[in-house]
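J.: coordinates only, sequence not included:
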C-alpha cells in the first residue's frame with residue numbers, strides 16, 4: 001500500500017486502495033477570511049450548528065489588514081461565524097498564513113485535514129492526509145465532521161544525490177517541470193529518497209505545498225524522527241505524546257507499494273531552478289534566465305516565508321543594499337516567525353538593505369495588496385504560483401525562485417545567483 005492508502009485505511013478502520021470512494025471523519029478543518037464567508041453562507045442552508053467548534057480553525061490572512069470595503073465586510077461576516085459557533089481556534093489578522101498557523105499549532109501525523117484553500121496539501125509534510133475543498137464541501141464538513149473522497153492514486157518521487165547549491169524550492173520546481181501542471185490530477189505525490197529523509201520540516205513543507213500546482217490532491221512525506229523532533233522542539237509535545245506518535249507511525253514498503261508512476265530525480269548536477277511566466281511547470285535552469293531585469297522581489301508566502309527562508313535571504317542581504325530600481329517586500333509567514341526574525345536581527349538586516357516589511361499574511365501572492373504589479377512589471381517571487389495577472393496587471397510577469405536567488409537578485413537588479 002502507498003502512504004496515502006495506509007493513512008486513510010487507519011482512519012476508516014479498514015483497508016482501502018486507490019479508486020475507492022469512502023466516507024471519512026475529519027480531524028481538523030480550516031477556512032480563512034476569503035473562504036469562511038462563502039462556507040458560512042452555505043452552512044446556513046444546511047445546519048444551525050457545527051459538529052465540533054474545537055476542531056475548526058479560522059485564520060485571517062488573505063487581506064490583512066483589510067484593503068477594501070469588500071475585504072472588511074468579508075472579515076466582519078467571518079467574525080460573526082466565529083462568535084456564533086464559539087470557535088476557539090481563531091487567529092485574527094497578523095498572526096500569520098493559515099497553513100503556517102496549522103503547521104505551528106495543530107497538525108499531527110495520521111490526521112485527516114480539510115481546508116478551504118488549495119494549498120492545504122502543505123500539511124502532508126507531517127505524514128497526514130491534507131487537502132483542499134470548496135465552500136459547499138467545507139460547509140458540510142463544518143456541519144457533520146465528515147466528508148467523502150475518492151482515494152487517490154500515488155506518484156512516488158524519490159530525490160537522490162547531493163548538491164549544496166539547490167534548495168527544496170529548486171527541487172519542487174524541478175518536480176513541477178517533470179510532472180507537469182496536469183500530470184498529477186487528483187493524485188497524491190509521495191516524496192522519498194535520501195535527500196528528503198535528511199530534509200528539515202521547513203523544506204518538507206515547501207515540497208508538499210506545491211503538489212496542487214501539478215494538479216495533485218495532496219503531497220505527502222512519511223513521518224519520521226525529523227517530524228517527531230520538530231513536534232517536540234517547536235510545538236512542545238510531551239515525551240509521552242511523541243512516544244504515542246512513534247507507536248502509531250505508518251511506514252511504507254517502497255518496493256511493494258502500488259504506485260501509478262515512479263520518478264527519480266538526481267540533484268547532483270542540477271542547477272538552481274526558475275519558473276518563468278506563466279505557470280509553475282514552465283521551469284528553466286537559472287543559466288537560461290540569468291540577466292532578466294526585475295522591478296520587484298517578494299520573499300514570503302506559505303511556500304517560503306518560514307524562518308529558515310528568512311535566514312537564507314538575510315545571508316545575502318547583510319551589509320548590502322537593494323538595487324535602486326527594485327522594490328523588495330519581505331513578509332514573515334507568521335507572528336512567531338516575525339518575532340524570532342526580530343530577535344535574530346534578520347528584520348534589521350532587511351530594513352537596512354532597503355526592504356519593506358509587511359504584516360504576516362499572504363501579502364502580494366494573490367494580488368490583493370502589499371505589492372500589486374503594474375503593467376509590464378516583472379516580479380521575482382518565492383511564492384508558488386506565477387499565473388498571468390495573479391499579482392496584479394494582466395500584463396505583468398512573475399518568476400518563481402528560492403529565497404537565496406530572490407535576495408541576490410534584489411541586490412543586483414536582475415535574476416542571478418551571483419553577487420560578484
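T.: Sure thing, it's come through. All values reported here derive from a predicted model rather than from experimental measurement. Residues are numbered from 1 along each chain as shown.
J.: now do the helix ranked longest in the chain: everything it contacts.
T.: When the chain is parsed with DSSP state H, its longest helix is helix 69-85. Applying C-beta atoms under 8 Å, 6 or more residues apart in numbering, the contact partners of helix 69-85 are 31, 33-34, 36-37, 39-40, 43, 49-50, 53, 56, 58, 60, 63, 66, 87, 90, 93, 368. Where C-beta positions appear, they are placed from N, C-alpha and C, glycine not excepted.
J.: likewise for stretch 157-172?
T.: In this structure, residues lying in contact with stretch 157-172 by C-beta under 8 Å, 6+ apart are 175, 179, 189-196, 199, 202-204, 206-207, 209-210, 262-273, 303-304, 312, 382, 400-404, 417.
J.: now the buried members of those residues.
T.: The neighbour count (16 or more other C-beta atoms under 10 Å) marks 175, 179, 189-193, 195-196, 199, 202-204, 206-207, 209-210, 265, 267, 270-273, 303-304, 312, 382, 400-404, 417 as buried among the contacts of stretch 157-172.
J.: what about the residues you listed, which are in helices?
T.: 175, 179, 195-196, 202-204, 206-207, 209, 303-304, 312, 403-404.
J.: sheet partners, orientation included, of the lengthiest strand in the chain?
T.: Secondary structure of the chain per DSSP state E: the longest strand is strand 153-160. Applying DSSP bridges, strand 153-160 is found paired with strand 187-192 (parallel), strand 261-266 (parallel).
J.: among these, which is nearest residue 249?
T.: Proximity to residue 249 (C-beta to C-beta) singles out strand 187-192 among those, at 15.1 Å.
J.: tell me the domain ranges of this protein?
T.: Split into domains by automatic domain parsing, the chain comes to 3-265, 274-412.
J.: does residue 399 touch residue 378 like I think?
T.: Yes. Using C-beta atoms under 8 Å, residue 399 is in contact with residue 378, at 7.0 Å.
J.: more crowded one of the two?
T.: residue 399 (23 against 19; other C-beta atoms under 10 Å).
J.: quick one, what contacts the more buried one?
T.: Residue 399 neighbours (C-beta under 8 Å, 6+ apart): 274-277, 289, 292, 294, 378-381, 386, 415.
J.: which of the residues you listed lies closest to residue 221?
T.: residue 275 (21.7 Å).
J.: looking at it, that closest one is touching residue 282, isn't it?
T.: Yes. Counting by C-beta under 8 Å, residue 282 is a contact partner of residue 275 at 6.0 Å.
J.: quick one, helices of the stretch 1-150 of the chain?
T.: 3-12, 36-44, 69-85, 98-105, 135-144 (DSSP state H, counting those that start in this stretch).
J.: show me where the stretch 201-350 of the chain has strands.
T.: 218-221, 261-266, 273-275, 283-285, 296-299, 327-330 (DSSP state E, counting those that start in this stretch).
J.: which regions of the protein sit below the pLDDT cut-off?
T.: The chain contains no residues with pLDDT under 70.
J.: what sits in contact with each of residue 399 and residue 378?
T.: With C-beta under 8 Å, 6+ apart, residue 399 and residue 378 have common neighbours 292, 294.
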